[in-house]
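A.B. asks: Provided below are the primary sequence and the corresponding predicted coordinates.
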Amino acid sequence: MISNAMKPFVNGSSQIRAMIEEGKRLARIYGAENVYDFSIGNPGLDPPQEVFDAIDYINHELDPHYVHSYPSNAGFESTRKAVADDLNERAGGDYFDAEHIIMSCGAAYSINMINKCIFDPGDKLAVFAPYFVEYGNWALNWGAETLVVPANEALNFDPDAEALRELLVPEVRAVMLNNPNNPTGKVYSIKALKAVGDVLREAEEKFGHTIYLIADEPYRELVYTDAKVPFPCDYYEDSLIAYSWSKSLSMPGDRIGYVAVPKCAEGHEELAEALIIAGRVLGGTNAPTIQELIVERCLKCRSDLDYYKRNARDLYEIITGAGFEAIYPQGAFYMWFKSPVPDDKEFVNAAKEERILLTPGSAFDGPGWARASFSISNETIQRSREAFERLGKRYFG
């Protein structure tokens, strides 16, 4: 028998498991080329050539003992310094140094490290809907409850600072932001982010303790418009960055990322030390050594943005051409579009009948909407056109 603590996680993952199995079932019946799976956010590109060049260099030029032995629990010093220097260059300030960069097994692991260091049972995490559902699960790992700030469609899904103010209570120890956002593809405006920062400063003074802003940023480099992704320190000092190269270098299976603690964050020295220990006691010991050395040499490299730009443009044209209301994505690789009926799960089931696999917005606390991932091939997107047209005719004639 599994533990009672684990049962809610198992029950909560049934929807995702069901979507994966449904895709396999439909592919067996109709052929994989006739199933249009927009449900999973798996990068559709190979890593850039520079990644493979770095692997060759590491394998042939570096001392194998150095490469494959335990590094510091926080990661190779050279990697951490390179990351800090790159962050400072891009942020345009002296925010980071190597001592406060902790390499990790990806952004999800980074967030769990942070959560372990800041939450006690009974504490709370605030998130802005719609949001990646695992945030609540990761907070629950440490006995923390999740408070959801409702989505404000009038703000075009920007974070609602006033609603956050009304929601905050003394037990809130952190607020989570995912920018660019999964599932909306939204790049949050600096005006909205500054308003959030103002609210959090007021709350810190009111409650008498630090409230950290956890910035989950695996999509930072995937931006398709002129929108700028500001660095968290620009609008709130007590920010922590959780990052992964899963998307920017198309390396989701390599599990490599970091936590960055800026020098302006309250208690940054103690927190950085605690994060190093958290990574160890959670069982990670250290981030994968080869992956650390790869990303150290590929900090300026990016996946092919034109691939995702084209997919975003074509899918938006197909979906809106079929009559649906959609938000044009500014970043990440997701299309957020409105369900034509109040029950988004009913709509997603109707889409399955046309062999279109979507994720219901309610899975992200965004009822009445649906998410389509355009990280798939452009050929699949083009083949889905007639299926979306048929789906649209069901609702719009």
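C.D. replies: Cool, the structure landed.
A.B. asks: next helix or strand past the worst-scoring helix or strand of the chain on mean pLDDT?
C.D. replies: Ranked by mean pLDDT, DSSP states H and E, the weakest helix or strand in the chain is helix 14-30, scoring a mean of 73. Of the helices and strands lying after helix 14-30 in sequence (DSSP states H and E), the nearest is strand 36-37.
A.B. asks: helices of the stretch 151-300 of the chain, residue ranges please.
C.D. replies: Secondary structure of the stretch 151-300 of the chain (DSSP state H, counting those that start in this stretch): helices located at 161-167, 190-207, 268-281, 289-296.
A.B. asks: any buried residues in stretch 257-274, and which?
C.D. replies: 257-263, 265, 268, 271-274 (16 or more other Cβ atoms under 10 Å). For glycine as for every other residue, the C-beta is placed from the backbone atoms N, C-alpha and C.
A.B. asks: if you drop the residues flanking it in sequence, what lies closest to Gly361?
C.D. replies: Excluding the flanking residues, the one nearest Gly361 by Cβ to Cβ, 6 or more residues apart in numbering is Trp369, at 3.2 Å.
A.B. asks: give me the number of residues near that neighbour?
C.D. replies: 26 (other Cβ atoms under 10 Å).
A.B. asks: can I assume it is in contact with Ser339?
C.D. replies: Yes: when contacts are counted by Cβ atoms under 8 Å, Trp369 is listed as touching Ser339 (6.0 Å).
A.B. asks: overlap of the contact sets of those two?
C.D. replies: Gly361 (Cβ atoms under 8 Å, 6 or more residues apart in numbering).
A.B. asks: residues touching stretch 347-360, excluding its own?
C.D. replies: Residues contacting stretch 347-360 (Cβ under 8 Å, 6+ apart): 15, 19, 22-23, 26, 30, 34-39, 183, 339-341, 344-345, 370-373, 384, 387-388, 390-391, 394.
A.B. asks: for ChimeraX, what selects the buried ones among these?
C.D. replies: Selection of buried members from the contacts of stretch 347-360 for ChimeraX, criterion 16+ other Cβ under 10 Å:
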select :19,22,23,26,35,36,37,38,39,183,339,340,344,345,370,371,372,373,384,387,388,391,394
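A.B. asks: now, which of the buried residues of stretch 257-274 sits nearest Leu315?
C.D. replies: Gly257 (27.6 Å; Cβ to Cβ).
A.B. asks: ignoring the adjacent residues along the chain, who's closest to that closest one?
C.D. replies: Ser244 (3.7 Å).
A.B. asks: now swap in Ala192 and tell me
C.D. replies: Going by Cβ to Cβ, 6+ apart, Ala192 has Asp158 as its nearest residue, at 3.9 Å.
A.B. asks: contacts only, for that neighbour.
C.D. replies: 152, 186, 188-189, 191-192.
A.B. asks: buried subset of those?
C.D. replies: 152, 186, 188-189, 192.
A.B. asks: make CSV out of those and add pLDDT.
C.D. replies: CSV is the format used below for these (pLDDT from 0 to 100):
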residue, pLDDT
Asn152, 94
Lys186, 96
Tyr188, 97
Ser189, 95
Ala192, 97
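A.B. asks: right, and Leu45 touches Asp304 too?
C.D. replies: Yes: using Cβ under 8 Å, Leu45 is in contact with Asp304, at 5.9 Å.
A.B. asks: how is this structure carved up into domains?
C.D. replies: Domain assignment for the chain by automatic domain parsing gives 7-47+303-396, 49-296.
A.B. asks: can you put these in a markdown table and add distance to Met1?
C.D. replies: Shown next, in a markdown table, are the domains of the chain (distance: least, Cβ to Cβ, whole Å):
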| stretch | distance to Met1 |
| --- | --- |
| domain 7-47+303-396 | 10 |
| domain 49-296 | 20 |
